[in-house]
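**Q** Output the structure for:
(one chain, ligands or ions: 1)
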Amino acid sequence: MSAPVPSLESEASGQGASAAKTETGIETCGGLAGLAAINRPDRDLVIWARALPLCLTAWLEGLEASCLPDLRVLVRPGDFRAAVEPQLDGCGMPPGDMRDLLIGDADALVAAFSQVTGSDLVDVRLERVSHDACWKFHRDSVEARLVTTYRGPGTEWVRPGQAEQALQEQKQFKGPLEQLRLHEVAVFKGSRAGTGRGIVHRSPPVAGTGQTRLLLCLNRPSHVSPEPWPQA
Ligand SMILES: [Fe+2]
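**A** Predicted coordinates for the structure are as follows:
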């Protein structure tokens, strides 16, 4: 079931009244299937508001940061587990139920993203982030992207009515600022979606806090993608 989130931006942005009509494109959904709503021309962001079991959160929090993966693979749905298991072994992430849960969740998201975007291959980044990369407000140079955070603070984003202001003011931007919760899944459009919009967002600042995030980011293949798995 999905419920539209009311637009708050009818007055803003200096783009005129016609733009205001298009700034209602944010939706929350209750499951994987709802993510397909991003294909609607009037949708810029779809959030699956969910939480994974607390035992997974506790397990991930308890791991040394060095045991978190920092990997990128280009895979077909169904190949994700085989592609990443050796890399998880390599970084010292302990095998077992919790690791299986993590892999299974990411695998399901890869399959959903493949279906939503109509792409046989998915560029998967499962990243350990302890710095302030992507701290600037920006739009991604993609058609659509999926993100979720398995550990640490979630991606920060700005409603369309404040997007241009955030891009201009950057660190001086005082909000309002939205933030994905832990485990929430977001699919959002970028600057190549052909809508002239795209969701403005940034990584939450974590440098100096001692926090290390674990971020899943899914994209269609691009010129910066690795070779498809398995590589020759
Ligand atoms: Fe981004």
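
**Q** residues in contact with R220?
**A** The neighbourhood of R220, defined by C-beta atoms under 8 Å, 6 or more residues apart in numbering, consists of T117, S119, L121, V122, D123, V142, E143, A144. C-beta here means a position set from N, CA and C on the backbone, and glycine is covered the same way.

**Q** Helix or strand for the residue positioned nearest the centre of the chain, just tell me which one.
**A** Centroid-nearest residue in the chain: V147, 1.2 Å away (criterion: C-alpha atoms, centre = their mean). When secondary structure is defined by DSSP states H and E, V147 falls within strand 144-151.

**Q** Could you pull up the mean pLDDT of that strand?
**A** The average pLDDT within strand 144-151 is 97.

**Q** Quick check: buried residues in it?
**A** Of all the residues in strand 144-151, those buried under the rule 16 or more other C-beta atoms under 10 Å are A144, R145, L146, V147, T148, T149, Y150, R151.

**Q** what's near enough to touch the closest residue in space to the last one that isn't next to it in sequence?
**A** Spelled out, it's R151. Using C-beta to C-beta, 6 or more residues apart in numbering and skipping the chain neighbours, the partner closest in space to R151 is L214 (4.0 Å). Listed by C-beta under 8 Å, 6+ apart, the contact set of L214 reads L60, L68, P69, L126, E127, R128, V129, T149, Y150, R151, G152.

**Q** In the chain, where's the longest helix?
**A** helix 97-117 (DSSP state H).

**Q** List of residues touching that helix?
**A** Surrounding helix 97-117, the residues in contact under the criterion C-beta under 8 Å, 6+ apart are 32-33, 35-36, 38-39, 52-53, 55-56, 59-60, 75-78, 80-81, 84-85, 88, 93, 119-122, 124, 126, 143-144, 146, 148, 150, 185, 187, 216, 218, 220.

**Q** if you set the cut-off to 7 Å instead, what comes out?
**A** The set of residues external to helix 97-117 that reach it, using C-beta atoms under 7 Å, 6 or more residues apart in numbering, is 32, 35-36, 38-39, 52, 55-56, 59, 75, 77, 80-81, 84, 88, 93, 120, 122, 124, 126, 144, 146, 148, 150, 185, 187, 216, 218, 220.

**Q** Among those residues, which ones are in helices?
**A** Among those, DSSP H puts C55, L56, W59, F80, R81, V84, L88 in helices.

**Q** Now compare these and name the two farthest from each other.
**A** With distances taken as C-beta to C-beta, the most widely separated pair in these is C55 and F80, at 21.6 Å.
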